[in-house]
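[1] I'd like to go over a predicted model; first the sequence, then the structure.
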Amino acid sequence: MQYRNSVLSQLFVYEWIERFKNGRTSINHEEETRRPPTSIANANTERVHEMILQNRWVTIYEVAH
């Protein structure tokens, strides 16, 4: 193989083709969508920290709820 890791995979090329068919006009990266700021608020961080301190076996599922 001449190009090895410097070439996009076939799957990735197909994804780009679909994006341009669906109206994309630029090859530049679009700004990523981010989580709302409330998901990383200090109050939420403190609550999760307290949950972990109270029960080290707490699951991600329990924290999410």
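    That came in fine, so what should we check first? Numbering: from 1, shown residues only.
[2] could you report the neighbour count for residue 53?
    By the measure other CB atoms under 10 Å, the count of residues near residue 53 is 9. To be clear about C-beta, it is placed using only N, CA and C from the backbone, and glycine gets the same treatment.
[3] state the pLDDT value of it.
    pLDDT, residue 53: 93.
[4] where in this structure is pLDDT low?
    Across the chain, the ranges flagged by pLDDT under 70 are 1-6, 29-40.
[5] please enumerate the helices of it.
    Taking DSSP state H as the test, the helices found in the chain are 10-21, 42-54, 60-64.
[6] and the contacts of the last one?
    Among residues not part of helix 60-64, those counted as contacts by CB atoms under 8 Å, 6 or more residues apart in numbering are 48, 51, 52.
[7] which one of those is nearest residue 12?
    Nearest to residue 12 among those: residue 48, at 35.4 Å, using CB to CB.
[8] the closest one and residue 41: what is the separation?
    According to CB to CB, to the nearest Å, residue 48 stands 11 Å off from residue 41.
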